[in-house]
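> The amino acid sequence is not available; the structure is as follows:
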(Lines give C-alpha, C1' and ligand atoms only; values in the text may rest on other atoms or scores of the structure.)
Protein backbone atom coordinates (compact mmCIF):
# COMPACT_ATOMS: atom_id res chain seq x y z
CA UNK A 1 0.00 0.00 0.00
CA UNK A 2 1.28 3.46 -0.87
CA UNK A 3 1.39 6.08 1.85
CA UNK A 4 -0.33 9.20 0.57
CA UNK A 5 1.21 12.59 1.04
CA UNK A 6 -1.17 15.50 1.56
CA UNK A 7 -0.18 18.42 -0.63
CA UNK A 8 -1.53 21.90 -0.29
CA UNK A 9 -2.03 24.60 -2.90
CA UNK A 10 1.59 25.79 -2.74
CA UNK A 11 2.97 22.25 -3.15
CA UNK A 12 0.63 21.76 -6.11
CA UNK A 13 1.86 24.97 -7.74
CA UNK A 14 5.50 24.04 -7.16
CA UNK A 15 4.98 20.59 -8.65
CA UNK A 16 3.23 22.12 -11.66
CA UNK A 17 6.17 24.48 -12.28
CA UNK A 18 8.64 21.59 -11.98
CA UNK A 19 6.56 19.54 -14.44
CA UNK A 20 6.70 22.42 -16.91
CA UNK A 21 10.47 22.77 -16.60
CA UNK A 22 12.51 20.69 -14.15
CA UNK A 23 15.56 22.90 -14.79
CA UNK A 24 13.85 26.05 -13.55
CA UNK A 25 15.60 27.60 -10.54
CA UNK A 26 13.96 27.66 -7.14
CA UNK A 27 14.17 31.45 -7.28
CA UNK A 28 12.18 31.50 -10.55
CA UNK A 29 9.62 29.07 -9.19
CA UNK A 30 9.25 31.11 -6.00
CA UNK A 31 8.53 34.23 -8.01
CA UNK A 32 5.93 32.42 -10.13
CA UNK A 33 4.12 30.87 -7.14
CA UNK A 34 4.35 34.02 -4.99
CA UNK A 35 6.63 32.54 -2.33
CA UNK A 36 10.27 32.68 -1.27
CA UNK A 37 13.11 30.57 -2.64
CA UNK A 38 13.79 29.15 0.84
CA UNK A 39 10.17 28.04 1.18
CA UNK A 40 10.25 26.41 -2.27
CA UNK A 41 13.51 24.61 -1.44
CA UNK A 42 12.09 23.37 1.87
CA UNK A 43 8.87 22.19 0.20
CA UNK A 44 10.76 20.40 -2.58
CA UNK A 45 13.10 18.75 -0.05
CA UNK A 46 10.12 17.60 2.01
CA UNK A 47 8.40 16.16 -1.07
CA UNK A 48 11.64 14.38 -2.01
CA UNK A 49 11.94 12.94 1.50
CA UNK A 50 8.38 11.60 1.26
CA UNK A 51 8.95 10.13 -2.21
CA UNK A 52 6.54 12.49 -3.99
CA UNK A 53 9.37 13.82 -6.14
CA UNK A 54 11.37 10.81 -7.29
CA UNK A 55 13.70 12.59 -9.69
CA UNK A 56 13.90 14.95 -12.61
CA UNK A 57 13.65 13.95 -16.23
CA UNK A 58 13.42 15.29 -19.76
CA UNK A 59 10.48 14.83 -22.14
CA UNK A 60 11.91 13.00 -25.17
CA UNK A 61 10.20 12.37 -28.51
CA UNK A 62 11.41 8.81 -29.02
CA UNK A 63 10.04 8.71 -32.57
CA UNK A 64 12.70 11.23 -33.56
CA UNK A 65 15.31 8.81 -32.20
CA UNK A 66 13.95 5.99 -34.34
CA UNK A 67 11.65 4.29 -31.83
CA UNK A 68 8.61 4.16 -34.06
CA UNK A 69 6.79 1.22 -32.48
CA UNK A 70 4.91 1.59 -29.21
CA UNK A 71 3.58 -1.68 -27.82
CA UNK A 72 1.29 -2.40 -24.90
CA UNK A 73 1.87 -6.02 -23.95
CA UNK A 74 -0.27 -7.99 -21.55
CA UNK A 75 1.30 -11.00 -19.86
CA UNK A 76 -0.09 -14.05 -18.15
CA UNK A 77 2.62 -15.14 -15.74
CA UNK A 78 3.02 -18.34 -13.79
CA UNK A 79 1.94 -17.10 -10.36
CA UNK A 80 5.04 -17.90 -8.41
CA UNK A 81 7.15 -15.88 -10.88
CA UNK A 82 5.16 -12.64 -10.93
CA UNK A 83 7.63 -10.54 -8.94
CA UNK A 84 10.65 -11.95 -10.76
CA UNK A 85 9.09 -11.18 -14.16
CA UNK A 86 8.23 -7.65 -13.05
CA UNK A 87 11.81 -7.08 -11.88
CA UNK A 88 13.23 -8.37 -15.18
CA UNK A 89 10.87 -6.17 -17.18
CA UNK A 90 11.81 -3.16 -15.06
CA UNK A 91 15.44 -3.71 -16.07
CA UNK A 92 14.74 -4.08 -19.80
CA UNK A 93 15.85 -0.96 -21.72
CA UNK A 94 12.84 -0.90 -24.08
CA UNK A 95 10.25 -1.06 -21.29
CA UNK A 96 8.97 2.27 -19.99
CA UNK A 97 6.19 1.09 -17.65
CA UNK A 98 5.23 -2.12 -15.84
CA UNK A 99 1.82 -2.40 -14.20
CA UNK A 100 0.40 -5.29 -12.18
CA UNK A 101 -3.23 -5.34 -13.29
CA UNK A 102 -6.60 -6.94 -12.64
CA UNK A 103 -8.55 -8.98 -15.17
CA UNK A 104 -7.55 -11.92 -17.32
CA UNK A 105 -3.87 -10.96 -17.47
CA UNK A 106 -1.32 -10.23 -14.75
CA UNK A 107 0.97 -7.54 -16.13
CA UNK A 108 0.62 -4.70 -18.60
CA UNK A 109 3.84 -3.25 -19.92
CA UNK A 110 4.45 -0.30 -22.21
CA UNK A 111 7.50 -0.48 -24.44
CA UNK A 112 9.13 1.22 -27.42
CA UNK A 113 11.04 -0.39 -30.29
CA UNK A 114 12.78 0.76 -33.46
CA UNK A 115 11.18 -1.88 -35.69
CA UNK A 116 8.98 -4.99 -35.77
CA UNK A 117 11.97 -7.32 -35.67
CA UNK A 118 13.13 -5.78 -32.39
CA UNK A 119 9.59 -6.08 -30.96
CA UNK A 120 9.29 -9.67 -32.18
CA UNK A 121 12.61 -10.62 -30.66
CA UNK A 122 11.51 -9.17 -27.33
CA UNK A 123 8.10 -10.87 -27.31
CA UNK A 124 9.29 -14.27 -28.56
CA UNK A 125 12.83 -14.35 -27.21
CA UNK A 126 12.55 -12.52 -23.91
CA UNK A 127 8.95 -13.21 -22.94
CA UNK A 128 7.55 -16.36 -24.55
CA UNK A 129 10.79 -18.36 -24.43
CA UNK A 130 10.84 -17.76 -20.69
CA UNK A 131 9.51 -20.57 -18.53
CA UNK A 132 7.84 -17.92 -16.36
CA UNK A 133 5.39 -16.48 -18.96
CA UNK A 134 2.40 -18.49 -20.16
CA UNK A 135 0.99 -16.07 -22.72
CA UNK A 136 1.34 -12.57 -24.17
CA UNK A 137 -1.19 -10.32 -25.86
CA UNK A 138 0.57 -7.63 -27.84
CA UNK A 139 -1.08 -4.38 -28.93
CA UNK A 140 0.82 -2.12 -31.33
CA UNK A 141 -0.13 1.55 -31.56
CA UNK A 142 -0.77 2.79 -35.10
CA UNK A 143 -0.13 6.38 -34.09
CA UNK A 144 0.47 8.44 -30.97
CA UNK A 145 -2.34 10.92 -30.47
CA UNK A 146 -1.08 12.12 -27.10
CA UNK A 147 1.57 10.93 -24.71
CA UNK A 148 2.43 12.53 -21.43
CA UNK A 149 3.76 11.28 -18.18
CA UNK A 150 2.35 13.98 -15.92
CA UNK A 151 -1.17 14.95 -14.98
CA UNK A 152 -2.34 18.53 -14.46
CA UNK A 153 -2.41 18.80 -10.65
CA UNK A 154 -3.82 22.33 -10.60
CA UNK A 155 -6.68 21.34 -12.92
CA UNK A 156 -7.37 18.23 -10.85
CA UNK A 157 -7.62 20.31 -7.69
CA UNK A 158 -10.33 22.39 -9.37
CA UNK A 159 -12.19 19.21 -10.38
CA UNK A 160 -11.80 17.69 -6.90
CA UNK A 161 -13.27 20.80 -5.27
CA UNK A 162 -16.37 20.78 -7.50
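Structure's in. What do you need? Since the structure is predicted, the reported quantities are computational estimates derived from the model, not experimental observations.
> Can you pull out the residues in contact with stretch 141-155?
Contact with stretch 141-155 is made by 7, 12-13, 15-16, 19, 57, 59, 63, 69-72, as judged by C-beta atoms under 8 Å, 6 or more residues apart in numbering. All C-beta spots, glycine's among them, are computed from the backbone N, C-alpha and C.
> try stretch 37-49
Contacts of stretch 37-49 (C-beta under 8 Å, 6+ apart): 5, 7, 10-11, 14-15, 18, 26-27, 29-30, 33, 53.
> can you pick the most crowded of the residues you listed?
When the contacts of stretch 37-49 are compared by neighbour count (other C-beta atoms under 10 Å), residue 14 ends up highest, at 25 neighbours.
> unless I'm mixing things up, that residue is touching residue 26, no?
No: Residue 14 is beyond contact range of residue 26, at 9.0 Å (criterion: C-beta atoms under 8 Å).
> Between all of the contacts of stretch 37-49, which two are separated the most?
5 and 27 (24.6 Å; C-beta to C-beta).
> count of neighbours near the closest residue to residue 126 other than its chain neighbours?
Nearest residue to residue 126, sequence neighbours excluded (C-beta to C-beta, 6 or more residues apart in numbering): residue 92, at 7.0 Å. Using other C-beta under 10 Å, residue 92 is surrounded by 14 other residues.
> For residue 64, see how far away residue 92 is.
Taking C-beta to C-beta, to the nearest Å as the measure, residue 92 falls 22 Å from residue 64.
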